[in-house]
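Visitor: just coords:
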């Protein structure tokens, strides 16, 4: 499912966070949103999830404007995974994952088991989330979003706190979901992960989209250095793209 | 508690409530065995039946609204009193006693309570604003609750008639004694309506477990949810307070005790807390009839006596959990 943002301005209260946003998130691809702290990654993601109405411009899901979509329709179309990982009651991991089925009004045990399996947390299923480590809890919350079975998955920093093995597994899963036709939008700090796994990269800086397109075109020192204010090493090792900060610009 | 036992919690509570209700009909200072059949029937239908029905309704109202509020505010220390509804109902009832409305009309007192609850609800919702979250709701509720406390004190000090003042003080302590079927007919419709509204919020309260943004993503309208939580509480607890006076701590303790038994899931806690509240109020009222048949101890005093140490324990254990 495509999300199209046309001349969109996004604001939090009185503060304009992003302006002149004009992009279409491509269907069946992994789109990575990158940029320095405060560039508006989370705000853009919330707009892509239909949680933030634009101040100006239009957001459309599969051609339908946001304001014409009913709450329940949107809940089945988009799964949103915020950066915040609060679980307010010590539910079991399985009960948390089951919350993803609320938009479908079923607690399909097969879908829940699949989501638990995809995140490698079957053995934690009956433990209260309050007793899990940060990384384990993060995987439970990803599984919740997967259980929603929405054609569009919007994830804000899903790899924060994950060990390398689970971060790799998560992005491999995202790629597989994309080949199955799902659309993935993910905010990232790890530029190498973006270079390796994303089909499409959106670089934010100074309240604008600084660049967007295939990772090889966007993740270049020319684009990244002014946006992040650091010199960047963009190279290939054994065929894998590596993007690493080197030193702060004077 | 093991996940396998969780499905049995609510049915067990239902059986407990049934047994307590039967006991409530059977026990009282006037022994049924020494009376004639007519007298026994009169005692049963005119005295014990309304008392039992009110215990059921009021307990369910307090337990369910406590569970709904704790779920909405995501705070185990929340209870119906915190959003100012009980205070508004108490103020309305106190004004009804003070103005003599309660003396001239049988349903004057509960009516005053209902109007007070509705007024408190309107003020709390207006103060909290259209887009306010749980914190603004708590702040508005606390403001309204302290205002009603101050106004009740003012009415008491201004009361010319010492009998009215004593009546107010006694009424504020909360009780189910000397209530008739008129009280039941008056309180039952708003309490049942409030219970109906609150009982259907389970899905949205579950979604809120993961925070407001995820709840919105799962299809919950936060504004609608807040309105229904406040309106349901106003109907159920407002009407309950209007006929019984203030019965504290039931809405706080019952959800807190039952939460681990239902796996902490807010939607499962709702029916369990309604039954648990009914059981606790019926049990406390029964205990009073046995321990103090002359009515020396009031129901609200007993629940607060049990409730306060529990509340302290709750605060201390939460402090331990939150300690670095």
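Guide: Alright, I've got the coordinates. All values derive from a computational prediction rather than experimental measurement. Residues are numbered from 1 along each chain as shown, chains lettered A, B, ... in the order given.
Visitor: Who are the packing partners of the lengthiest helix in chain A?
Guide: Taking residue count as the measure and DSSP state H as the definition, the longest helix of chain A comes out as helix A:164-179. Under the contact definition 3 or more Cβ pairs under 8 Å, 6 or more residues apart in numbering or on different chains; DSSP states H and E, helix A:164-179 sits against strand A:30-34, helix A:134-147, strand A:183-187, helix A:191-197. For the C-beta atoms, the positions are set from N, CA and C on the backbone; glycine is no exception.
Visitor: Pull out the buried residues from it.
Guide: Residues of helix A:164-179 classed as buried: A:166-167, A:169-171, A:174-175, A:177-178 (neighbour count, 16 or more other Cβ atoms under 10 Å in any protein chain shown).
Visitor: helices or strands up against whichever strand or helix holds residue B:189?
Guide: Residue B:189 belongs to helix B:181-199 when assigned by DSSP states H and E. Using 3+ Cβ pairs under 8 Å, 6+ apart as the contact definition, the elements that helix B:181-199 packs against are helix B:49-73, helix B:108-128, helix B:222-244, helix B:266-291.
Visitor: between the ones you listed, which gets nearest to chain A?
Guide: helix B:266-291 (6.9 Å; Cβ to the nearest Cβ).
Visitor: Quick one: mean pLDDT over the closest one.
Guide: Per-residue pLDDT over helix B:266-291 has a mean of 93.
Visitor: anything in it near chain A?
Guide: Yes: counting by Cβ under 8 Å from any Cβ of the partner chain, contacts between helix B:266-291 and chain A involve residue B:266.
Visitor: Quick one: name the residues of chain A near chain B.
Guide: Within chain A, the positions adjacent to chain B are A:46, A:49, A:51, A:71-72, A:74-75, A:78-80, A:82, A:84, A:86-92, A:95-96, A:99-100, A:102-103, A:126, A:128, A:141, A:144, A:148 by Cβ under 8 Å from any Cβ.
Visitor: Write the ChimeraX selection for whichever of those residues are buried.
Guide: Buried members of the residues of chain A next to chain B, defined by 16+ other Cβ under 10 Å, are picked up in ChimeraX with:
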select /A:46,49,51,74,75,78,79,80,82,87,88,89,90,91,92,95,96,99,100,102,103,128,141,144,148
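Visitor: Looking at the residues of chain A next to chain B, which are in strands?
Guide: Members of the residues of chain A next to chain B lying in strands (criterion: DSSP state E): A:78-80.
Visitor: Closest residue of the stretch 101-250 of chain B to chain A?
Guide: Closest contact between the stretch 101-250 of chain B and chain A, by Cβ to the nearest Cβ, is at residue B:219 (3.4 Å).
Visitor: Residue of chain A nearest chain B, please.
Guide: At 3.4 Å from chain B, residue A:75 is the closest residue in chain A, using Cβ to the nearest Cβ.
Visitor: quick one on the thing from earlier: just the angle between the helix holding residue B:189 and helix B:49-73, please?
Guide: For helix B:181-199 and helix B:49-73, the angle between their directions (axes from the mean of the first three to the mean of the last three Cα atoms, to 10 degrees) works out to 20 degrees.
Visitor: so what secondary structure elements neighbour the following helix or strand past helix B:181-199?
Guide: On the C-terminal side of helix B:181-199, the closest following helix or strand by DSSP H and E is helix B:202-207. Counting contacts by 3+ Cβ pairs under 8 Å, 6+ apart, helix B:202-207 is packed against helix B:49-73, helix B:212-217, helix B:266-291.
Visitor: Could you report the distance from residue B:119 to residue B:88?
Guide: The gap separating residue B:119 from residue B:88 is 6 Å, by Cβ to Cβ, to the nearest Å.
Visitor: right, I mislabeled it, should have said residue A:28
Guide: In this structure, residue A:28 and residue B:88 are 56 Å apart, going by Cβ to Cβ.
Visitor: Name the residue in those two with the higher neighbour count.
Guide: Neighbours of residue A:28 and residue B:88, each counted by other Cβ atoms under 10 Å in any protein chain shown, are more numerous for residue B:88; the result is 31 against 16.
Visitor: For chain A, give me the ranges with low pLDDT.
Guide: Of all residues in chain A, none has pLDDT under 70.
Visitor: now the helices: where do they sit in it?
Guide: Using DSSP H, the helices of chain A run over residues A:41-48, A:71-77, A:93-98, A:109-118, A:134-147, A:164-179, A:191-197, A:215-218, A:221-228.
Visitor: Report the inter-axis angle for the fifth one versus helix A:164-179.
Guide: Comparing the axes of helix A:134-147 and helix A:164-179 via the same axes, to 10 degrees yields an angle of 10 degrees.
Visitor: how much distance is there from stretch B:113-127 to the middle of the chain?
Guide: Here stretch B:113-127 is found 16 Å from its chain centre; the criterion is Cα atoms, centre = their mean, to the nearest Å.
Visitor: If we go by neighbour counts, what in that stretch is buried?
Guide: For stretch B:113-127, burial by neighbour count (16+ other Cβ under 10 Å) applies to B:113-121, B:123-125, B:127.
Visitor: What mean pLDDT does that stretch get?
Guide: If you average the pLDDT over stretch B:113-127, you get 92.
Visitor: Outside of it itself, list whatever touches it.
Guide: Contact with stretch B:113-127 is made by B:83-93, B:95-96, B:136-137, B:139-141, B:143-144, B:148, B:190, B:227, B:230-231, B:233-235, B:237-239, B:241-243, as judged by Cβ atoms under 8 Å, 6 or more residues apart in numbering or on different chains.
Visitor: 7 Å instead, please
Guide: Applying Cβ atoms under 7 Å, 6 or more residues apart in numbering or on different chains, the contact partners of stretch B:113-127 are B:83-85, B:87-89, B:91-93, B:140-141, B:143-144, B:148, B:190, B:230-231, B:234, B:238-239, B:241-242.
Visitor: Report the buried members of those.
Guide: Buried members of the contacts of stretch B:113-127, scored by 16+ other Cβ under 10 Å, are B:83-85, B:87-89, B:91-93, B:140-141, B:144, B:148, B:190, B:230-231, B:234, B:238-239, B:241-242.
Visitor: For residue A:13, what are phi and psi?
Guide: Residue A:13 adopts backbone torsions of phi 60, psi -130, taken as degrees, to the nearest 10.
Visitor: Equivalent analysis for residue B:211, please.
Guide: Dihedral angles phi and psi of residue B:211 (degrees, to the nearest 10) take the values phi 100, psi 170.
Visitor: Please determine how far the residue nearest the centre of chain B is located from residue B:204.
Guide: Residue closest to the average C-alpha location in chain B (Cα atoms, centre = their mean): residue B:62, at 2.6 Å. In this structure, residue B:62 lies at 21 Å from residue B:204, with Cβ to Cβ as the measure.
Visitor: thinking again about what came up before, in terms of contact, does the residue nearest to the centre of chain B touch residue B:252 like I think?
Guide: No: Residue B:62 lies out of contact with residue B:252 (Cβ atoms under 7 Å); the separation is 9.1 Å.
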